[in-house]
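J.: Coordinates for the following, if possible.
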Amino acid sequence: MADHCLLEMRHINKFFPGVKALSDVDFTLREGEIHALMGENGAGKSTLIKVLTGVYQNDGGEITVDGQKITIRSPQDAQNNGISTVYQEITLCPNLSVAENMYIGREESFFVHSKKREKNAQSILDELGIPARGTQILGSCSLAVQQMVAIARAVDMKCKVLILDEPTSSLDDKEVNVLFKLMRDLKARGVGIIFVTHFLEQVYEVCDRITVLRNGELVGEYLTEELPQVQLVAKMIGKDLDELSSFDVIEEKDFKDEDIFYEAKGLSSNEALPFDFTIHKGEVNGFTGLLGSGRSESVRAIFGADKVNGGTVKIKGKSVKINKPIDAMKNGIGYLAEDRKRDGIIADLSVRENIILALQVMKGFFKPISRSEAEAFADEYIKVLNIKTASRETPIGSLSGGNQQKVILARWLLTHPDYLILDEPTRGIDVGTKLEIQKLVLKLAEDGVSVTFISSEIEEMLRTCSRLIVMRDRHVVGELKGADLNEAQVMKTIAGGEAVNEE
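T.: Now for the predicted structure:
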């Protein structure tokens, strides 16, 4: 790793009305380095990146690239100074070709013939080992390849500093490995990479240094090899890690048939193959399996989010029909969807409006919740869930991902559900908020709420669930509980289990 300092940000400050988002923050990136920027949601990571990329103007401090002090007033200024960003959500045009995306918005693209553009694009794709053709439509590529095309675009624009903002959150392990190979190749070329992620294991796999922010302030900069993972977590959350080791798990209960809250036989939808499923009052169970195994499709069938086309359902022993979400809601079922931005938040509405949404739907829009009631509900759950927001009237889209997730949880808790389905409730959020949500799940179970919990992190599932339904290729291939509830058995079942025969 070279010692040449590529980027320096010194004494960076950023203020918003009533909030000091960054307070005297320093950040240094060396040439040919992969540097992790870590912190809880709301720690200041996104704000620091937006200052660096010209989305925000800093209210103090200075930025230096290659020893030259620069002023960044816009994303174009950042690009002109060799700073490029690839976001978690792909910002390219899926309906255009790969080559068109690599050149879109660049002045020289107007003067480049399409054939030459495709040839130039293919050259850089081949050079970087990206499995795509310049002529193919971007939307036909996998998400991982689309992200690599965005990186190729940045490389072709001679970027010195490449910011990767949660690039792996929607990728499987194989795709992550391909992306990491590309990152290491760019590192060898001298590109400095700022890597923002919530996956701690990935930080230790690919990063040279780690900078930690907390509450808008710099905690410190560390060599990755000198900062054990448990210490990184401690620095991020600013708490004694004894609470991690003393995390209370659900005691195994002897559930009886009369305790069954929900029971499905042969339930299927347009997306889910027929499956059987039960959950008891006060039980936390979960669906586990690799991406694409059918986990989310199964719970969407339970909630009626996809068109149900077969099977029977009983709630508390009584036959019911759940063909659409409102049917599920009226039967005491809540559902936090996997994609909070697409299926959860309404970004332009306030925290208050997002919290009361499900309850208002259940009441019917001819029985509106009064403003005073809505404010009281919002204030209660902002306090109970420790939602970090300037006020109840703040648009939810301006909150951090973890706080958005808490607002959606508040939405469903306000309906007082008997059964709550949580699909990836901790994806893309910080360690501290993950712990809060896991503890909330266990508290809900103690209070008699049934919870189905889905997470891509098996360790999290094992810490939270007392029973796991294992899926592969949209079939149930096993059910684990008791002594069998361990990571080795989960992986063995995923890899070698046989599909349960459907009667």
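J.: how deep is residue 429 tucked in, by neighbour count?
T.: When counting by other CB atoms under 10 Å, one arrives at 23 neighbours for residue 429. C-beta here means a position set from N, CA and C on the backbone, and glycine is covered the same way.
J.: Confirm that it sits in a strand.
T.: No. Residue 429: not assigned to a strand; according to DSSP: H, G, I helix; E, B strand; the rest coil it is coil.
J.: Skipping adjacent residues, who's closest to it in space?
T.: Distance criterion CB to CB, 6 or more residues apart in numbering; nearest residue to residue 429, sequence neighbours excluded, is residue 402 at 3.7 Å.
J.: just checking, the one you found touches residue 427?
T.: No. Using CB atoms under 8 Å, residue 402 is not in contact with residue 427, being 10.4 Å away.
J.: Those two: who's more crowded?
T.: residue 402 (23 against 20).
J.: Now do residue 94: how many residues are near it, please.
T.: Burial of residue 94 is recorded as 12 neighbouring residues (other CB under 10 Å).
J.: And it, how close does it get to residue 337?
T.: Here residue 94 is placed at a distance of 22 Å from residue 337 (CB to CB, to the nearest Å).
J.: now the helices for the stretch 101-250 of the chain?
T.: Using DSSP state H, counting those that start in this stretch, the helices found in the stretch 101-250 of the chain span residues 114-128, 143-156, 173-188, 200-206, 229-237, 242-245.
J.: list the helices and strands the next helix-or-strand element following the shortest one packs on?
T.: Note on helix 242-245: by DSSP states H and E, the next helix or strand toward the C-terminus is strand 260-269. Using 3 or more CB pairs under 8 Å, 6 or more residues apart in numbering; DSSP states H and E as the contact test, the elements touching strand 260-269 are strand 275-280, helix 295-303, strand 308-315.
J.: what does strand 260-269 rub up against?
T.: By CB atoms under 8 Å, 6 or more residues apart in numbering, the surrounding residues in contact with strand 260-269 are 274-281, 297, 300-302, 306-317, 333, 418-419, 450, 502-503.
J.: which of the residues you listed are buried?
T.: Those of the contacts of strand 260-269 that meet the buried threshold are 274-275, 277-281, 297, 300-302, 306, 308, 311, 313, 315, 333, 418-419, 450, by 16 or more other CB atoms under 10 Å.
J.: then stretch 398-411 to CSV, C-alphas only?
T.: The C-alpha trace of stretch 398-411 is given here as CSV (Å, rounded to 0.1, in the frame of the first residue of the first chain):
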residue,chain,number,x,y,z
SER,A,398,-34.5,12.3,5.1
LEU,A,399,-34.0,9.8,7.9
SER,A,400,-31.2,7.3,8.1
GLY,A,401,-32.1,3.7,6.9
GLY,A,402,-32.2,2.4,10.5
ASN,A,403,-34.6,5.1,11.6
GLN,A,404,-36.8,4.6,8.6
GLN,A,405,-37.0,0.9,9.6
LYS,A,406,-38.0,1.9,13.1
VAL,A,407,-40.8,4.1,11.7
ILE,A,408,-42.2,1.2,9.7
LEU,A,409,-42.0,-1.0,12.8
ALA,A,410,-43.9,1.7,14.7
ARG,A,411,-46.5,1.7,11.9
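J.: residue boundaries of the strands in the stretch 1-150 of the chain?
T.: Here the stretch 1-150 of the chain has its strands, by DSSP state E, counting those that start in this stretch, at 5-16, 19-30, 34-38, 60-65, 68-70, 83-86.
J.: what would the ones you listed look like in CSV with mean pLDDT and mean neighbour count?
T.: As requested, the strands of the stretch 1-150 of the chain are exported to CSV (pLDDT from 0 to 100; neighbours: other CB atoms under 10 Å):
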stretch, mean pLDDT, mean neighbour count
strand 5-16, 94, 18
strand 19-30, 93, 19
strand 34-38, 95, 25
strand 60-65, 95, 17
strand 68-70, 94, 11
strand 83-86, 88, 24
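J.: out of the ones you listed, which comes closest to residue 204?
T.: strand 34-38 (9.0 Å; CB to CB).
J.: what are the pairing partners of that closest one, and which direction each?
T.: Next to strand 34-38 in the sheet, as set by DSSP bridges, lie strand 192-196 (parallel), strand 209-214 (parallel).
J.: Make CSV from those strands and add mean pLDDT to it.
T.: Output for the strands paired with strand 34-38, formatted as CSV (pLDDT from 0 to 100):
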stretch, mean pLDDT
strand 192-196, 95
strand 209-214, 94
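J.: Looking at the ones you listed, which is nearest to residue 58?
T.: Nearest of the strands paired with strand 34-38 to residue 58, taken as CB to CB: strand 209-214 at 14.8 Å.
J.: quick check: angle from that closest one to strand 19-30?
T.: Strand 209-214 runs at 170 degrees relative to strand 19-30, counting by axes from the mean of the first three to the mean of the last three CA atoms, to 10 degrees.
J.: just how off-centre is strand 209-214 within its chain?
T.: Counting by CA atoms, centre = their mean, to the nearest Å, strand 209-214 is centred 19 Å from the centre of its parent chain.
J.: Contacts for that strand, please.
T.: Contacts of strand 209-214 (CB under 8 Å, 6+ apart): 25, 27, 30, 33, 35-40, 43-45, 48, 203, 218-224, 227, 232, 235-238.
J.: now the strands: where do they sit in the stretch 301-450 of the chain?
T.: Applying DSSP E, counting those that start in this stretch to the stretch 301-450 of the chain gives strands spanning 308-315, 318-320, 333-336, 419-423, 450-454.
J.: Compare those strands and give me the one nearest residue 118.
T.: Comparing the strands of the stretch 301-450 of the chain by CB to CB, strand 419-423 comes nearest, at 40.3 Å.
J.: Give the other helices and strands that the closest one contacts.
T.: By 3+ CB pairs under 8 Å, 6+ apart, strand 419-423 packs against helix 295-303, strand 333-336, helix 431-446, strand 450-454.
J.: The chain - how does it break down into domains?
T.: 5-245, 252-332+450-503 (automatic domain parsing).
J.: where does the stretch 301-450 of the chain have low pLDDT?
T.: Scanning the stretch 301-450 of the chain for pLDDT under 70 picks out the ranges 428.
J.: what's the nearest residue to residue 317 if we skip its chain neighbours?
T.: Excluding its sequence neighbours, the residue lying closest to residue 317 (CB to CB, 6+ apart) is residue 260, at 7.4 Å.
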